[in-house]
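In: Sequence first, predicted model second:
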Number of protein chains: 2
Amino acid sequence: MLNQSEISAIRNFNRDYTKLLGIMNKKVLNTPLSWTEGRVLLEISFNNDKTPIEVATNLELDKSYTSRILKRFEKNDLISKSPSDTDSRSVELSLTADGQKLVKELDDRSNQQIKDLLTDLSTAEQKQFYQAMATLDNLLFTRK
Amino acid sequence: MLNQSEISAIRNFNRDYTKLLGIMNKKVLNTPLSWTEGRVLLEISFNNDKTPIEVATNLELDKSYTSRILKRFEKNDLISKSPSDTDSRSVELSLTADGQKLVKELDDRSNQQIKDLLTDLSTAEQKQFYQAMATLDNLLFTRK
DNA sequence: AAAAGTAGTGGACAAAGTCCACTATAATGC
DNA sequence: GCATTATAGTGGACTTTGTCCACTACTTTT
């Protein structure tokens, strides 16, 4: 069991990291998209032909909120909706060419951001960083 | 320099961790406070006699937004304001007894949350977790 | 003493998110 | 097959959260 000072250190890291992620997430939005919109678009890009409900549940968003976002996306010609052939209540979402272009942009920016973040570290330190993060990932997420 | 798959892994971790932190942050709010309000209260507790402007700049909040939060806090008797004796435009903030009590509650909850998060890990794994996080903290924040 | 800057507040608004009700279809129990 | 129950998607109405701007009262700079 961890002692109090270790727990405090973890909380401290979480606080700082929340802030960092917040800043990074905001910056990705030098696109016309809000953070949540960005997540939605990426979610669709991960797997074309996702339904709105899948997007909403994966991102833990309100379905009506999601619906509105998707409507905006359609209006701005980022995605298109096509009727599902297995469930006629539902629709399948796919990225338009513009949508794909924007995803690529977001993607490039995100990659660049990570590089920028690590730019002050030596190669050895970067590896160390990666290793430490892989450890956390494994302990928190992958194992489950 | 990290390769693309390593960068992707980092981004992936960031995405998952953002989500986790989001959930954890929301949960702390089984108090009457929103997340930002909680941060503000903690910020004051870190160092009594902070001024509103210090709080706002430390947390990167809009000062008018901060002002309103503080007003609410005062109304709910969580903090009190006393005129600064060095700058008569400014005020010094301090926690009331109720405020301190709430801080303690938030604090306990946060500690518990970390414990819960790690509860499925063995002691060795918890140490490993702590170590990995300390590495990240050092590379990202402490060094600077 | 004038000019420029800063602390704090409030009005007005925008953005983000929630809640509820509704329609249309699907799935389930019988 | 038919009634019941559940689910996908949408929209209205609202709350919460956060931003922008202008203003007052003071401080600092020159």
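Out: Noted; the coordinates are in hand.

In: so how far is A:Lys115 from A:Glu125?
Out: Distance, A:Glu125 to A:Lys115, using Cβ to Cβ, to the nearest Å: 14 Å. All C-beta atoms are positioned from the backbone trio N, CA, C, and that covers glycine.

In: Name the SS class of A:Leu70, please.
Out: helix (DSSP: H, G, I helix; E, B strand; the rest coil).

In: ah, wrong one, I meant A:Tyr65
Out: Classified using three-state DSSP, A:Tyr65 is helix.

In: In stretch A:37-48, which of the residues would be classed as buried?
Out: Neighbour-count burial for stretch A:37-48 flags A:37-45 (criterion: 16 or more other Cβ atoms under 10 Å in any protein chain shown).

In: CA atoms only for it - export them in CSV, please.
Out: The C-alpha trace of stretch A:37-48 is given here as CSV (Å, rounded to 0.1, in the frame of the first residue of the first chain):
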residue,chain,number,x,y,z
GLU,A,37,-16.2,17.8,-31.4
GLY,A,38,-12.7,16.7,-32.1
ARG,A,39,-13.2,13.6,-30.1
VAL,A,40,-16.4,12.9,-32.0
LEU,A,41,-14.7,13.3,-35.3
LEU,A,42,-11.8,11.1,-34.3
GLU,A,43,-14.2,8.5,-33.0
ILE,A,44,-15.9,8.3,-36.3
SER,A,45,-12.6,8.1,-38.1
PHE,A,46,-11.4,5.2,-36.0
ASN,A,47,-14.2,3.1,-37.5
ASN,A,48,-16.3,4.3,-40.3
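
In: Is DNA strand D within reach of it?
Out: No: no part of stretch A:37-48 sits near DNA strand D under the criterion Cβ under 7 Å from any atom of the strand; the closest distance found is 11.9 Å.

In: Surely A:Ile7 touches B:Gln113?
Out: No: contact criterion Cβ atoms under 8 Å: A:Ile7 and B:Gln113 do not qualify, at 9.6 Å.

In: Give the other helices and strands that the helix-or-strand element of chain A with minimal mean pLDDT contacts.
Out: The least trusted helix or strand in chain A, going by mean pLDDT, DSSP states H and E, turns out to be helix A:4-28, with a mean of 87. Identification of packing neighbours for helix A:4-28 by 3 or more Cβ pairs under 8 Å, 6 or more residues apart in numbering or on different chains; DSSP states H and E yields helix A:35-46, helix A:97-117, helix B:4-28, helix B:97-117, helix B:123-137.

In: and if we set it to 10 Å?
Out: helix A:35-46, helix A:97-117, helix B:4-28, helix B:35-46, helix B:97-117, helix B:123-137 (3 or more Cβ pairs under 10 Å, 6 or more residues apart in numbering or on different chains; DSSP states H and E).

In: Now do it against helix B:123-137: the angle between them, please.
Out: 50 degrees (axes from the mean of the first three to the mean of the last three Cα atoms, to 10 degrees).

In: Tell me the residues of chain A that contact DNA strand D?
Out: So chain A meets DNA strand D at A:51-54, A:63-64, A:67-68, A:70-71, A:81, A:84, A:87, A:89-91 (Cβ under 7 Å from any atom of the strand).

In: same thing but at 10 Å, please
Out: By Cβ under 10 Å from any atom of the strand, the residues of chain A that approach DNA strand D are A:22, A:26, A:50-57, A:62-72, A:74, A:81, A:83-84, A:87-93.

In: Is it possible to mark the buried ones in the residues you listed?
Out: Buried, going by 16+ other Cβ under 10 Å: A:50-52, A:54-56, A:66, A:69-70, A:81, A:91-93, out of the residues of chain A next to DNA strand D.

In: among the residues you listed, which are in helices?
Out: Among these, the residues falling in helices (DSSP state H) are A:52, A:54-56, A:66, A:69-70.

In: just the residues you listed that are near DNA strand C?
Out: Answer for these near DNA strand C (Cβ under 10 Å from any atom of the strand): A:56, A:66, A:69.
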